[in-house]
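>>> Show me the folded form of this:
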Amino acid sequence: MRVRFWKRTKTDRPPASTLVPPEGVALTLPIAGVGVRFSAQLIDIILTAIAATCLVILLALINLTTPQTLMAIAALLFFLIRVPYYVLAELAWNGQTLGKRLMKIKVVSHDGGPLTARALVLRNLMKEAEIFLPGTLLLTLDSATPLASLAAFAWVAMSLMIPLFNRYRRRLGDMMAGTHVIHLPVPVLLKDLASETVATGTPRKKFVFLSHQLDHYGAFELQTLETLLRGQNTPSGAEAAHQRNATLEAIVEKIRKKIGYAAPVPPVDRLPFLQAFYNAQREHLEQRQLFGDKRENKHYAQSGEEK
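Alright, predicted model coming up:
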C-alpha cells in the first residue's frame, strides 16, 4: 500500500475568516483582531481590578491586613476574582465577558460545537500562565534580579506576539482549548421582496393565479423561491448567467406543470412570472395565516382543529 504525501498550497488553504470543522463544511466567521481583543481584555482587567481594590480597602478598614501583606493579599484577591469571573461569565453568556459584550466579540469552539467548561477553564488558566503571572512577577521584581525580570518580560512579549503570527489570531490558551474569538454577526434585515417587485414595475395582473393553484405550495417552497429571486441581483459572468437562465426555465416549467398553468411563459417573462407567483403565493398564505407574523393556528389549518 502506497501512501502519498503532498504539500498543501496556498490555494488549498481556507481564508483567514473560514473555519473547517471535522465534518468538512466550511464556516465563515469574522475572526476578531488583536486590537479589539486587547480592548475587551483591558475592560475586564479594569472591572476585576476595581472589585479586588474594593475588597482590599474593606480588609484594611477592618484591620485584617497590614502594610507588609497588603500587596500579597491584593494579588491573591485579584487572582481569586479574575479566574472565576472569566470562566463563569463565558459559561453564562455563551462565550462572552462584560468586555467582550461591549466590544461585540465572543469565544466559539473550533469544531463548531457548544463551549465546554473544560475548554473555558483551560483557556483562562493558560491566560494566567501567559500574561498575568509573568506580568505580576515583572511588576514585583526589582533591579537586583535582572535575569528574572528579563525572562518575565520575554515570556509576556512572546505570548502577546503569538496571535500576530497565526492566521486565526489565537493565543496559546485558544490553541490548547480549541477555541476562537470572533466578531458577533451583524443582523441585516432585507427589504421586503414583495414591495421590491412592485416598485420595479412587475406586472402583477399579467399573470393571474387561482386559489386552487396556489394550494400546491407552502411556506417552505415560498422561502426557497424568495432565496432564488434575491440571488438574481448578484453580479456574474456569461456562464453564470446562462446557468441562471436554465435554472429559471426549469423552475418555471415545474411550477406550471404542478399548478396546471396552461399559458406558455416566454423566456423574457420567466423572471416576472416567478415574481408574480411569489407575490400571489405569499398573499395566499398570509390570508390563511400560514406565513408572516400571524401564524397562531398554522398547524391546524387543514384539519380545522382548535389550538
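
>>> Could you use CA atoms for every contact and neighbour count after this?
OK.

>>> can you pull out the strands in this protein?
18-19, 27-28, 105-109, 179-183 (DSSP state E).

>>> Could you save the ones you listed as a markdown table and add columns showing mean neighbour count?
Formatted as a markdown table, those follow (neighbours: other CA atoms under 10 Å):
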| stretch | mean neighbour count |
| --- | --- |
| strand 18-19 | 18 |
| strand 27-28 | 14 |
| strand 105-109 | 21 |
| strand 179-183 | 22 |
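
>>> could you dump the ones you listed to JSON lines with distance to residue 48 and mean pLDDT?
Shown next, in JSON lines, are the strands of the chain (distance: least, CA to CA, whole Å; pLDDT from 0 to 100):
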{"stretch": "strand 18-19", "distance to residue 48": "32", "mean pLDDT": "64"}
{"stretch": "strand 27-28", "distance to residue 48": "33", "mean pLDDT": "72"}
{"stretch": "strand 105-109", "distance to residue 48": "19", "mean pLDDT": "92"}
{"stretch": "strand 179-183", "distance to residue 48": "21", "mean pLDDT": "91"}
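
>>> Same list (the ones you listed) but as CSV, adding distance to residue 129.
Below are these laid out as CSV (distance: least, CA to CA, whole Å):
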stretch, distance to residue 129
strand 18-19, 27
strand 27-28, 31
strand 105-109, 19
strand 179-183, 17
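
>>> Between those, which one is closest to residue 151.
With CA to CA as the criterion, residue 151 lies closest to strand 179-183 of the strands of the chain, at 27.8 Å.

>>> Looking at the strands of the chain, which is nearest to residue 78?
Evaluated over the strands of the chain, closeness to residue 78 peaks at strand 105-109, with 22.7 Å, by CA to CA.

>>> Residue 46 and residue 53, how far apart?
Using CA to CA, to the nearest Å, residue 46 is found at 10 Å from residue 53.

>>> higher neighbour count, these two?
Taking other CA atoms under 10 Å, residue 46 and residue 53 do not tie; residue 53 has more neighbours (16 against 12).

>>> Nearest residue to the more buried one in space, please, no chain neighbours.
Setting aside the residues directly before and after it, residue 53 is nearest to residue 74 in space (CA to CA, 6 or more residues apart in numbering), at 7.1 Å.
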